[in-house]
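Student: I would like the atomic coordinates for the input below:
(chains A and B)
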Amino acid sequence: GAVVSQHPSWVICKSGTSVKIECRSLDFQATTMFWYRQFPKQSLMLMATSNEGSKATYEQGVEKDKFLINHASLTLSTLTVTSAHPEDSSFYICSARDRVSEQYFGPGTRLTVT
Amino acid sequence: QKEVEQDPGPLSVPEGAIVSLNCTYSNSAFQYFMWYRQYSRKGPELLMYTYSSGNKEDGRFTAQVDKSSKYISLFIRDSQPSDSATYLCAMSGPGDYKLSFGAGTTVTVRA
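Tutor: Below is the predicted model of the structure:
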């Protein structure tokens, strides 16, 4: 089946610094990638949708200047959390959509901001 | 009112029992229906994918969609402790790649 990887799986950073999370589709080309945030015991909240070579579309309430998304190739998208604060601590999950219609999720990245 | 409603549980069953999960939704445009399994601190894993109404079976898993009632179900037969996880329903409309998720139901299968 389709495999999506994320790196790193867990990151701790100090308040005010920036963190980059990578999402890769390993065995298929992803025309669209999605970034989600999940707080403990809650469902996934879509943050943004990115298409290769174009600007990401952010959901209402998500700060585009704080959560920078780059989708430079059909297999790689990155999410950069800029000037991170403790309230940004969460589980960030990406998914990639193949040309059919299914979405495949990455294993997630746990971000802790101290 | 949320677009997708799912009872968060928790749901606890003995090993070998049938697990019954369901979601209701309000958007009649939804045509694609999915069930994901998520273990603690892991990404969701696609279990079942159904288009429009009907039933779909895959091993111990059966997914049902009733579009007239805006109601979907997932049944897990002969449940195992390894089935203990959170189960998320998700759905989308035609040409809409964004998924609308339920809150997720936490299931524990007791050995």
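Student: hey, which helix or strand in chain A has the poorest pLDDT?
Tutor: Lowest by mean pLDDT, DSSP states H and E among the helices and strands of chain A is strand A:103-105, with a mean of 89.
Student: Could you give the bridge partners of residue 22?
Tutor: Picked chain A for this. Per DSSP bridges, the residues bridged to A:Glu22 are A:His7, A:Thr78.
Student: Chain B is the one I meant
Tutor: With DSSP bridges as the rule, B:Asn22 is bridged to B:Ser73.
Student: I figured it hits B:Lys70, correct?
Tutor: No. Counting by C-beta atoms under 8 Å, B:Asn22 sits too far from B:Lys70 to count as a contact (11.0 Å). Quick note: C-beta positions are derived from backbone N, CA and C, even for glycine.
Student: Of all residues in chain A, which one is nearest the centre?
Tutor: Among the residues of chain A, the one closest to the centroid is A:Trp35, at 3.7 Å (C-alpha atoms, centre = their mean).
Student: Run a quick neighbour tally on the residue of chain A found nearest chain B.
Tutor: Chain A approaches chain B most closely through A:Phe105 (4.0 Å), counting by C-beta to the nearest C-beta. By other C-beta atoms under 10 Å in any protein chain shown, 23 other residues sit near A:Phe105.
Student: Test my guess that it contacts A:Val4.
Tutor: Yes. If you go by C-beta under 8 Å, A:Phe105 and A:Val4 touch, sitting 6.2 Å apart.
Student: what touches both of these two?
Tutor: When contacts are counted by C-beta atoms under 8 Å, 6 or more residues apart in numbering or on different chains, A:Phe105 and A:Val4 are jointly contacted by A:94-95, B:43.
Student: that older thread, now the residue of chain A closest to chain B: closest residue in space, sequence neighbours ignored.
Tutor: B:Gly43 (4.0 Å; C-beta to C-beta, 6 or more residues apart in numbering or on different chains).
Student: Spit out the contact partners of the one you found.
Tutor: For B:Gly43, the contacting residues are A:4, A:6, A:93, A:95, A:105-108, by C-beta under 8 Å, 6+ apart.
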